[in-house]
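Enquirer: Task: produce atomic coordinates for the following.
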Amino acid sequence: MASRRQILRASGVLVTAGVAGCLSEDGGESQSPATDENDSETEGEPGSSDQETDDTSSSPVVLAPDDGERGDEFGAAVALNGDAVMVGAPGDRDSAGYRVGATYAFERVDDGWTRPAPIGPDNDGDDLEFGAAVALDADAGLVGAPLVTADGRFEAGVACVLDRLDDGWNRGAAMLPDSVESGALFGAAVALSGDTALVGAPGAGAGTGAAYAFERSGGDWRLQSALVPSGAGRGDELGTAVALDGDAALVGAPGDGNGAVHAFERADDGWRHRSKLTTDNGDSGDRFGAAVAIAGDEALVGHPRVGPNGQGAGTASAFTRSDGDWRRRETLVPENDDGSGKFGAAVAVAGDAALIGAPGGDAEGAGSGTAHAYRRSEDGWDLLSTFGRDDGERQDRFGAAVAIGGGTALVGAPDDGPGTASVFDL
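Expert: Residues are numbered from 1 along each chain as shown. Next up is the predicted model:
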């Protein structure tokens, strides 16, 4: 049965001027809220999608840019914190056709959502991919722009802080490591937890990769340490995925054989490498660690390319921490997948809920992508709902990015026209 849904519109005005590679002083000030009164619910609009869950009465709210174009990749990165949602559109192009990128910060107000102006970098005329990664925590946001030329280094990358004020989101600091190299792709992955930020740079060290921890003190963000385990090798792509919760961090290295995840723990003298999580299942190139998530003593690791004959059905491994050590609890696998769903390409966990994206998953025979919500019980993780679209098209990549928290699930579909991000109530 077709679901009704609401499209949230954006103004389509990019913000310019400010810190190089970041955004303007004006930020992305929120405009009037979108409500049922101001925005009609429609079926069958271009770029729209009907969603199905185990509860057929559940209808998502679908966020989409009003003036977007195919290739903007709105929904390639998503973040959720309370009533705030951040969506990256790293493919948003300037007038010359460069992938400058943009980021949208939505906020739930009463029964509707604000209509944000897109937040863009301060310069164009180059590929920047601002919004390739996003993170949210309380009144802080973090946006990665991994293709920015920094300190004269091509594609060194940068991460930009957003501060939420009464009048919207404004520019904060631009994060960079002490030394930056061409091709580092700093900002390809970002995470926030309180006064700590973690930024991945999978191209650093000629592909060895690294993750960098920053601390906020007195309103300023300062580099604390680089998280690189001993024995890391060229091609590991350490920092492709990062996750952070309090004093615990996970850093994915999907290029290390069939993939690995390094667990770090903060001590009085800085961050220490705690353990290396691996899998015996799969072959080189299966990309274990391409996605990571952590909440308290629970963690998820995506393994999106593993599968029979290398087709990439994918799995996700659930780990539990006990006495500081991470132990695999179970391996989650997709149901009724055709073998190429890439289950585990995106993972999220919050409390007793988890969300796993399968951007090649089969939905009503279309293969447009799926997302799977789980609830933790004493026996492990139980499937709660499967979200898909019955009118989607192959390669929409629904499930390429996911976030979860507070009874809400957020799923990005960056190739659904200009891209969409769907908000579900669990």
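
Enquirer: What distance do you get for residue 253 to residue 118?
Expert: The gap separating residue 253 from residue 118 is 33 Å, by Cβ to Cβ, to the nearest Å. No exception for glycine: its C-beta is placed from N, CA and C like everyone else's.

Enquirer: Same check on residue 238?
Expert: Where residue 118 is concerned, residue 238 sits at a distance of 31 Å (Cβ to Cβ).

Enquirer: same check, this time on residue 165
Expert: Taking Cβ to Cβ, one finds residue 165 at 18 Å from residue 118.

Enquirer: For residue 238 and residue 118, indicate the residue with more neighbours.
Expert: Taking neighbours as other Cβ atoms under 10 Å, residue 238 and residue 118 compare with residue 238 leading, 32 against 28.

Enquirer: so the more buried one touches residue 230, yeah?
Expert: No - the pair residue 238 / residue 230 is not scored as a contact, 12.0 Å apart, by Cβ atoms under 8 Å.

Enquirer: Surely residue 254 and residue 289 touch.
Expert: Yes - applying Cβ under 8 Å as the test, residue 254 and residue 289 come out as touching, 4.6 Å apart.

Enquirer: what's the residue at minimal distance from the centre of the chain sitting at in phi/psi?
Expert: The chain has residue 77 as the residue nearest its centroid, 3.9 Å off, counting by Cα atoms, centre = their mean. With angles defined as degrees, to the nearest 10, residue 77 sits at phi -140, psi 140.

Enquirer: beta partners for it?
Expert: Beta-bridge partners for residue 77, by DSSP bridges, are residue 88.

Enquirer: quick one on the thing from earlier: and for residue 254 and residue 289, which residues touch both?
Expert: 240, 241, 260 (Cβ atoms under 8 Å, 6 or more residues apart in numbering).

Enquirer: so where is the protein shaky, pLDDT-wise?
Expert: 1-58, 308-311, 336-339, 364-365, 389-393 (pLDDT under 70).

Enquirer: Could you rerun that using 50?
Expert: Within the chain, the ranges that satisfy pLDDT under 50 run 1-20, 23-57.

Enquirer: quick one: the residue found closest to residue 351 once you drop the neighbours it is linked to in the chain and residue 403, what's the gap?
Expert: Closest residue to residue 351 apart from its sequence neighbours, by Cβ to Cβ, 6 or more residues apart in numbering: residue 295 at 6.4 Å. Going from residue 295 to residue 403 by Cβ to Cβ gives 12 Å.

Enquirer: Which one's more surrounded, these two?
Expert: residue 403 (27 against 20).

Enquirer: who does that one bridge with?
Expert: With DSSP bridges as the rule, residue 403 is bridged to residue 410.

Enquirer: so it sits right up against residue 75, yeah?
Expert: No - using Cβ under 8 Å, residue 403 is not in contact with residue 75; the gap is 10.9 Å.

Enquirer: contacting residues for residue 414?
Expert: By Cβ under 8 Å, 6+ apart, residue 414 lies in contact with 73, 74, 75, 76, 91, 397, 400, 401.

Enquirer: Quick check: the farthest pair among the residues you listed?
Expert: 91 and 401 (13.2 Å; Cβ to Cβ).
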